[in-house]
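Undergrad: fold the following.
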Amino acid sequence: MAGRINDEDVKAVRDAVPIDAVVSEYLQLRNAGGGNLKGLCPFHDEKSPSFQVSPSKGFFHCFGCQEGGDTITFVMKIDHLTFSEAVERLAGQAGITLRYEEGGYNPTHQRGERIRLVEAHKIAAQWYAEQLATSPEADTGRAFLADRGFDQAAAQHFSVGYSPQGWDHLTRFLRGKGFSDKELVLSGLSQEGRRGPIDRFRGRLMWPIRDIGGDVVGFGARKLYEADNGPKYLNTPDTAIYRKSQVLYGIDLAKKDIAKASRAVVVEGYTDVMACHLAGVTTAIATCGTAFGGDHIKILRRLLMDNGSARVIFTFDGDAAGQKAALRAFEDDQKFAAETYIAIAPDGMDPCDLRLAKGDDAVADLVEPRTPLFEFALRQIVSRYDLDTPAGRASALDEAAPVVARIKNSGAQHEVAVQLAGMLGILDTQFVVKRIAQLARWSRDRGGKGPAPDRQQRGGGGAPQQYAGPAGPGPRGGPALNLRNPVFATERELLKLALQRPELVSPAFDAYGVDEFTAPPYAAVREAIMEAGGAEFGVQDPQGYLVRAREAAPDDAVRAMVTELAVEAIMLHRGVKDVDEVYAGAQLVTVRRRAVERRIRDITGRLTRLTGHGDPAELAAVQNELWVLQQYDQTLRVQGAAAL
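TA: The predicted structure follows:
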């Protein structure tokens, strides 16, 4: 069993790898104000970004689905890793050697399964690339690339490799690196033969497939020899680290330019991606032996941020298969907020062939948006009917109208309906518009009212008004905390200050009791802060303090609230320009005075009950306590934070 990673090393990993650098490998982040960044949440579908990252705190939090945590938590959730695996991956990026407290450090036996499989793929990719560069047998592979316009430098840039024709060359090589037969089979690099594992890929040109974080998780292998009875392209089977429906070839190279340009070009093959990138179209990506689908859209949406100017251009062959792929892509079109287009090269050439025939400029020109995908899809439908007859026009409308009715934006739907009428040659445009509007209405009725709009669309914005706490319903279905209640709002602000700016509220905050926070969730967070060493510890070690506060939370709901408050922007009142000691002092005083006022009300009621028939000594003690509290309240009102 793997030893426990040394706590100091875990802290070193947290400190060494900035959370914004890690998160931006998976989604586009933009300025959210207050030093925070925002983007579309990778853990649930949303139209408007509610996922926030606080680089200074080392935390992320989604105000939509309540997921949150630090850098390690993010890597665990996004890549489905254990705690140890996530720490090991980040340590590898930072160049930190980890120590294990039970049994010592053994990199061969004590790494998690995913880390081992990724490492096997990394070594395999390097070995394949070396074979292509140096092996005489790989002449066939080098010739294949040269015939398509790719020199050695291009092969190296994309880490293209070659798998020898023998039965177990790679298997024996990886065994020598310490990998077990079980690991090799689980990785998909080897498969069971009659006498043990043999290489899965033999005599093929190899393209390493990387996930969005840059790790090699699989391979695409192209047949080179007639004697090979396998398929033209052979991909890694689904494994613990590879799902072909969830990866995009070239995404590791293209992601930054996709985010920067708000544009993605979807091509059909590995060589098409290479041709596009070498021609300057560095936003090109491709699927890996499967149709472009919903999981691929999720990857691109996080990079494109779904802004109105984002564009996705599909390039498909002009043959029947390419047209079918385009129509299949159109079925998912409405999952994008981006505009979608299709680009088909003259003579049906793919980008690789086009680059060979006409050069880089022709490839760059091809992917300039030409035809909206919806227009292409409709023209393909309409072309199957005889539009010279009323029956043909009616049948074409019957098939095309439901397609247009799926367009969610009513304005765009109306415009496309008008275009469809023109394609069909129907002069009564309003007839087509009304027919499509009716179909859209029926579709909505069958589906019910549909999901509630995003918070931003409702105009709520800002902080979420719901909480999962130990004393109340959860965030995924419980009632909201009404932040219009000034008591709750101030308690929330004070807790945010205690987590984000402990130096402004320490040491006064640490003297506040849990009962001074009236909302049960806030009382739970106050207790977690206390267990973490209080605001005073936060001044000494800000990031360690936040980690300890999360760990001290009694359940996931309180843990989510800690993260939320650590990331959420501090809401300055009108006229207040900055978060400073004056502002912090005002929150401290307000929360304390309200607690004092509640106590005064309680004691006043008790005094009323005792008057006339109570014990004189008890009556005098209660009167004295009331007088002390009233004087303290007066001092707080006059002196403010100085009285704390």
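Undergrad: residues of stretch 70-89 that come out buried?
TA: Going by neighbour count (16 or more other CB atoms under 10 Å), the buried part of stretch 70-89 is 70-79, 81, 84-89. Where you see a C-beta, it was placed from the backbone N, CA and C, and this is true even at glycine.
Undergrad: state the mean pLDDT of it.
TA: The average pLDDT for stretch 70-89 rounds to 86.
Undergrad: looking at this protein, which helix or strand is least sure?
TA: Least confident helix or strand of the chain, by mean pLDDT, DSSP states H and E, is helix 455-458 with a mean of 32.
Undergrad: show me how far the next helix or strand after it is from its chain's centre.
TA: Next helix or strand after helix 455-458 toward the C-terminus (DSSP states H and E): helix 486-500. Its chain's average C-alpha position is 28 Å from that of helix 486-500, according to CA atoms, centre = their mean, to the nearest Å.
Undergrad: and the helix or strand following helix 486-500, what does it pack against?
TA: Heading C-terminal from helix 486-500, the first helix or strand you meet, by DSSP H and E, is helix 502-505. Packing partners of helix 502-505 (3 or more CB pairs under 8 Å, 6 or more residues apart in numbering; DSSP states H and E): helix 486-500, helix 534-540, helix 581-610.
Undergrad: so which bits of helix 502-505 are buried?
TA: 502, 504-505.
Undergrad: do the same with stretch 621-633
TA: Result for stretch 621-633 [16+ other CB under 10 Å]: buried residues 622, 626, 629, 632-633.
Undergrad: tell me which of these is nearest to A396?
TA: D633 (79.1 Å; CB to CB).
Undergrad: now for the closest one: which residues touch it?
TA: By CB atoms under 8 Å, 6 or more residues apart in numbering, D633 lies in contact with 593, 596-597, 600.
Undergrad: tilt between the helix or strand hosting it and helix 581-610?
TA: Using DSSP H and E, D633 falls within helix 616-639. With axes from the mean of the first three to the mean of the last three CA atoms, to 10 degrees applied, the angle from helix 616-639 to helix 581-610 works out at 160 degrees.
Undergrad: so how far is helix 616-639 from its chain's centroid?
TA: 54 Å.
Undergrad: export that helix to PDB, keeping only CA atoms.
TA: This file holds the C-alpha atoms of helix 616-639, laid out as PDB (Å, rounded to 0.1, in the frame of the first residue of the first chain):
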ATOM      1  CA  PRO A 616     -34.300  39.900  44.800                       C
ATOM      2  CA  ALA A 617     -30.600  38.700  44.400                       C
ATOM      3  CA  GLU A 618     -31.400  37.200  41.000                       C
ATOM      4  CA  LEU A 619     -33.300  40.300  40.000                       C
ATOM      5  CA  ALA A 620     -30.300  42.500  41.000                       C
ATOM      6  CA  ALA A 621     -27.900  40.300  39.000                       C
ATOM      7  CA  VAL A 622     -30.000  40.500  35.900                       C
ATOM      8  CA  GLN A 623     -30.400  44.300  36.200                       C
ATOM      9  CA  ASN A 624     -26.600  44.600  36.500                       C
ATOM     10  CA  GLU A 625     -26.000  42.400  33.500                       C
ATOM     11  CA  LEU A 626     -28.500  44.500  31.500                       C
ATOM     12  CA  TRP A 627     -26.800  47.700  32.600                       C
ATOM     13  CA  VAL A 628     -23.400  46.400  31.500                       C
ATOM     14  CA  LEU A 629     -24.600  45.300  28.100                       C
ATOM     15  CA  GLN A 630     -26.300  48.700  27.500                       C
ATOM     16  CA  GLN A 631     -23.100  50.500  28.400                       C
ATOM     17  CA  TYR A 632     -21.100  48.200  26.100                       C
ATOM     18  CA  ASP A 633     -23.600  48.900  23.300                       C
ATOM     19  CA  GLN A 634     -23.300  52.600  23.800                       C
ATOM     20  CA  THR A 635     -19.400  52.300  23.700                       C
ATOM     21  CA  LEU A 636     -19.600  50.400  20.500                       C
ATOM     22  CA  ARG A 637     -21.900  53.000  19.000                       C
ATOM     23  CA  VAL A 638     -19.500  55.800  20.000                       C
ATOM     24  CA  GLN A 639     -16.100  54.300  19.700                       C
END
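Undergrad: could you give the average pLDDT over it?
TA: Per-residue scores along helix 616-639 average to 87.
Undergrad: secondary structure element for T563?
TA: In this structure, T563 sits in helix 556-567 according to DSSP H and E.
Undergrad: and what of V53?
TA: Here V53, judged by DSSP H and E, is contained in strand 51-54.
Undergrad: what is that strand packed up against?
TA: Packed next to strand 51-54, using 3+ CB pairs under 8 Å, 6+ apart, are helix 19-23, strand 36-39, strand 59-62, helix 556-567.
Undergrad: next one: L572 from L546, what distance?
TA: Per CB to CB, to the nearest Å, L572 is found 22 Å from L546.
Undergrad: the two - which one has more neighbours?
TA: The neighbour count for L572 versus L546, taken as other CB atoms under 10 Å, is higher for L546 (27 against 13).
Undergrad: in the helix or strand encompassing the more buried one, what counts as buried?
TA: In this assignment (DSSP H and E), L546 forms part of helix 542-552. For helix 542-552, the neighbour count (16+ other CB under 10 Å) marks 542-550, 552 as buried.
Undergrad: least confident pick among these?
TA: Looking at those by pLDDT, the weakest one is Q543, with 79.
Undergrad: ok, now which ones touch that one?
TA: Listed by CB under 8 Å, 6+ apart, the contact set of Q543 reads 14-15, 57-58, 70.
Undergrad: ok, back up a step: quick check, nearest of the buried residues of helix 502-505 to I115?
TA: Closest approach to I115 among the buried residues of helix 502-505 (CB to CB): P502, at 35.2 Å.
Undergrad: neighbours around the closest residue to the closest one other than its chain neighbours, how many?
TA: Spatial nearest neighbour of P502, chain neighbours left out: G538 (3.2 Å); criterion: CB to CB, 6 or more residues apart in numbering. For G538, the count of nearby residues is 27 (other CB under 10 Å).
Undergrad: could you check how far G538 is from A528?
TA: 12 Å.
Undergrad: mind listing what the residue lying closest to T239 once chain neighbours are set aside touches?
TA: Excluding the flanking residues, the one nearest T239 by CB to CB, 6+ apart is G188, at 4.7 Å. G188 makes contacts with 200, 218, 236-237, 239, 242, as judged by CB under 8 Å, 6+ apart.
Undergrad: considering the residues you listed, which is situated nearest to Q156?
TA: Closest approach between those and Q156, by CB to CB: G218, at 19.8 Å.
Undergrad: ok so that closest one is a strand residue?
TA: Yes - counting by DSSP: H, G, I helix; E, B strand; the rest coil, G218 is part of a strand.
Undergrad: so it is in contact with A120, correct?
TA: No - using CB atoms under 8 Å, G218 makes no contact with A120, being 11.3 Å away.
Undergrad: and those two? Which one has more around it.
TA: Taking other CB under 10 Å, G218 and A120 do not tie; G218 has more neighbours (27 against 24).
Undergrad: grab the nearest non-local neighbour of that one.
TA: Nearest one to G218, counting by CB to CB, 6+ apart, is T236 at 3.4 Å.
Undergrad: with that, I have no additional questions.
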